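S.K.: Sequence and predicted structure, then a few things I'm wondering about:
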Amino acid sequence: MATDSADKNSATAAAILPLVGGAGNISSVAHCMTRLRLGLRDRSLVQDEALKALPAVMGVVDDDTYQIVLGPGTVARVTPEFEALVAAAGSAPGSSPAAAEELAAHGAAIKAARKAKNSTPFKLFLRRIANIFVPLIPALIGCGIIAGLGGLLTNLGMLPTVVPALTAMASGFMSLIAVFVGYNTAKEFGGTPILGGAVAAIIVFPGVANIEAFGQKLSPGQGGVLGALAAAVLAVYVEKWCRGGTSRAKRWGRVPQSLDVLVTPTLTVLVSGLVTIFGLMFVAGAVSTAIGDFADWLLANGGAGAGFVLGGLFLPLVMLGLHQALIPIHTTLIEQQGFTVLLPILAMAGAGQVGAAAAVYLRLPHNASIRSTIKSALPAGFLGVGEPLIYGVSLPLGRPFVTACVGGAFGGGFVGLFNMLGDKVGSTAIGPSGWALFPLLNGNRGLGETIAVYAGGLLVGYGAGFLATYWFGFTKPMLEELNATATAKDPTPPTKEPTPVSP
């Protein structure tokens with residue numbers, strides 16, 4: 001069985017490679033939770049429709065990188081196979097670096113135009129935030145599930161000798177998450193990653209409890225991931241100043257090359273560390289506390305209204321790529337409270353999407369193409385992978401995308417209402433949604449009650465998305481046109497796909 005799975009992943013990688021222009025057209029390979037992300041030299045060589053037709057491909061998104069949606073689990077197994085094929089082709093006899101350079105030159109204009117379109121300063125900033133936090137999601141998920149398992153065993157009074165070990169496994173990463181954030185931040189901003197991690201480590205060092213400033217004593221972890229992010233960014237600028245990487249360094253001079261290995265790391269950690277201890281930890285701590293207090297206040301007082309707005313707006317935020325701004329907020333809440341109360345509400349957007357897709361399926365009985373897309377994409381939608389339904393169904397049709405948002409709003413309102421009644425429903429990690437979020441649920445009441453509220457929200461989202469789409473998702477001319485023939489041709493109106501960035 002394992003061999004069959006490996007062969008399938010290898011076959012998927014082999015099928016994708018020629019459809020993206022071959023190995024010579026690949027400048028970079030990476031992956032996130034659900035997508036294979038490729039840097040392309042010439043976008044015009046990609047065969048979009050042929051890629052979408054591959055059984056393993058759920059959809060494609062053309063952004064700063066070309067993103068092929070393969071789904072969680074699958075993408076992590078296909079990517080190494082794909083990288084191996086690219087590496088083998090690049091080292092094969094007859095491969096031509098000159099040809100690759102010509103290809104790069106040929107596609108430079110296209111690539112530059114696409115980058116300019118999607119590279120506003122704000123979106124670039126959000127992409128950087130995503131690049132810092134997204135690599136941490138697998139560890140957050142794994143540790144979150146282990147924490148949930150430990151809590152379940154505690155409630156059941158089972159295996160008391162094992163629970164402390166599970167607690168250590170679940171808490172170890174979270175106690176040092178600031179270090180990983182600092183490392184990734186320095187890497188993303190062009191500094192030495194280990195120096196970013198070293199400066200961020202100050203925040204979680206127990207010895208900071210002995211430091212007093214401004215009449216207050218510091219506490220280990222004060223400032224959390226926000227402080228780590230700011231400290232690492234500062235470290236990058238200090239390092240670049242030392243090495244002449246900024247205009248100010250060129251003006252005032254730089255560390256002599258012969259002394260760089262001694263002086264630059266020392267100054268980077270010293271200057272950034274002092275600013276972190278006597279400034280950033282206090283400021284970031286206050287901001288982190290304010291974020292937690294505001295989230296609690298919003299749901300305690302806004303309740304159903306706040307959940308309605310959050311659940312209804314999340315899909316449009318994803319379309320605009322603005323959802324990346326929420327990642328540090330989720331992480332801060334998990335640090336402070338052990339779970340984020342925002343994610344279960346935002347996950348209701350996916351429930352509205354599933355309900356809308358089911359309604360589209362029933363309203364278009366003669367449209368074989370759209371119904372086939374829904375049948376193949378709906379299982380992934382239940383598990384929280386929404387791209388196939390978004391890009392293959394609701395967004396091209398237009399109105400069903402809006403009614404899907406209505407479903408998400410009602411689901412979010414349901415969960416928000418229970419938050420206002422004192423039943424907090426949270427997630428111990430970010431990334432999964434839909435049914436995949438059940439193992440990560442946590443709250444201030446019993447696990448059974450928390451699961452029941454979340455499940456109720458999903459049912460409300462499914463139902464509201466279905467009803468809104470069934471009754472208001474189509475105009476009469478749309479139904480007549482889309483049901484006119486039962487051909488395999490895709491009848492959805494041509495639309496320009498937005499280019500979100502995945503978590």
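M.R.: Looks like it arrived, so ask away.

S.K.: can you list the weak-confidence ranges in the chain?
M.R.: For the chain, residues meeting the criterion pLDDT under 70 lie at 1-5, 90-119, 245-253, 485-503.

S.K.: got the domain boundaries for it?
M.R.: 2-119, 135-298, 312-482 (automatic domain parsing).

S.K.: possible to save the ones you listed as CSV with distance to R127 and mean neighbour count?
M.R.: Bear in mind the C-beta positions are built from the backbone N, C-alpha and C, glycine included. Shown next, in CSV, are the domains of the chain (distance: least, CB to CB, whole Å; neighbours: other CB atoms under 10 Å):
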stretch, distance to R127, mean neighbour count
domain 2-119, 7, 17
domain 135-298, 9, 18
domain 312-482, 7, 22
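
S.K.: Next, the buried residues of the helix or strand harbouring F133.
M.R.: Element membership of F133, judged by DSSP states H and E, is helix 121-133. Burial within helix 121-133, assessed by neighbour count using 16 or more other CB atoms under 10 Å, is assigned to 123, 126-133.

S.K.: and that helix, what does it pack onto?
M.R.: helix 177-188, helix 327-337 (3 or more CB pairs under 8 Å, 6 or more residues apart in numbering; DSSP states H and E).

S.K.: List the residues that contact the nearest residue to H31 once chain neighbours are set aside.
M.R.: Leaving aside its sequence neighbours, H31 sits nearest to T79 (CB to CB, 6 or more residues apart in numbering; 4.4 Å). T79 sits next to 29-31, 36 when contact means CB atoms under 8 Å, 6 or more residues apart in numbering.

S.K.: where along the stretch 51-200 of the chain do the helices fall?
M.R.: 74-91, 97-117, 121-133, 137-156, 163-175, 177-188, 193-204 (DSSP state H, counting those that start in this stretch).

S.K.: List the neighbours of the last one that are in contact with it.
M.R.: Meaning helix 193-204. Helix 193-204 is contacted by residues 175-176, 178-187, 208, 220-224, 227-228, 231-232, 234-236, 239, 265, 268-269, 272-273, 276-277, 281 when judged by CB under 8 Å, 6+ apart.

S.K.: and with 6 Å instead?
M.R.: Identification of contacts with helix 193-204 by CB atoms under 6 Å, 6 or more residues apart in numbering yields 178-179, 182-183, 185-187, 220-221, 223, 227-228, 231-232, 235, 268-269, 272-273, 276.

S.K.: Neighbouring strands - and their directions - for the helix or strand just after it?
M.R.: Moving toward the C-terminus from helix 193-204, the next helix or strand (DSSP H and E) is strand 212-213. Sheet pairing of strand 212-213 (DSSP bridges) gives strand 216-217 (antiparallel).

S.K.: Please compute how far the strand it pairs with lies from its chain's middle.
M.R.: 36 Å (CA atoms, centre = their mean, to the nearest Å).

S.K.: now swap in stretch 168-185 and tell me
M.R.: 17 Å.

S.K.: now the strands for the protein?
M.R.: Along the chain, counting by DSSP state E, strands occupy 26-31, 35-40, 59-62, 66-69, 212-213, 216-217, 425-427, 441-443.

S.K.: Parallel or antiparallel, which strands does the last one pair with?
M.R.: Pointing back at strand 441-443 there. By DSSP bridges, strand 441-443 pairs with strand 425-427 (antiparallel).

S.K.: Give me the packing partners of the top helix by length along the chain, helices and strands only.
M.R.: Of all the elements of type helix in the chain, the one with the most residues (DSSP state H) is helix 447-472. Using 3 or more CB pairs under 6 Å, 6 or more residues apart in numbering; DSSP states H and E, the elements in contact with helix 447-472 are helix 348-363, helix 399-420, strand 425-427, strand 441-443.

S.K.: Let me know the angle separating that helix from helix 399-420.
M.R.: For helix 447-472 against helix 399-420, the angle by axes from the mean of the first three to the mean of the last three CA atoms, to 10 degrees is 150 degrees.

S.K.: Helix 137-156 and helix 447-472, what's the angle between them?
M.R.: 130 degrees.

S.K.: Show me how far helix 447-472 is from its chain's centre.
M.R.: Relative to the chain's own centre, helix 447-472 is displaced by 23 Å; criterion: CA atoms, centre = their mean.

S.K.: now that helix and helix 348-363, what's the angle there?
M.R.: Orientation of helix 447-472 against helix 348-363 (the same axes, to 10 degrees) gives an angle of 40 degrees.

S.K.: right, and T403 touches Y470 too?
M.R.: No. If you go by CB atoms under 6 Å, T403 and Y470 don't touch, sitting 8.5 Å apart.

S.K.: quick one: A89 and Q47, what's the gap?
M.R.: Separation of A89 from Q47 (CB to CB, to the nearest Å): 17 Å.

S.K.: The residue nearest to A359 when sequence neighbours are not counted and G307, how far apart?
M.R.: Distances taken as CB to CB, 6+ apart place T469 nearest to A359, at 3.7 Å, with adjacent residues excluded. T469 is 20 Å from G307, where distance means CB to CB.
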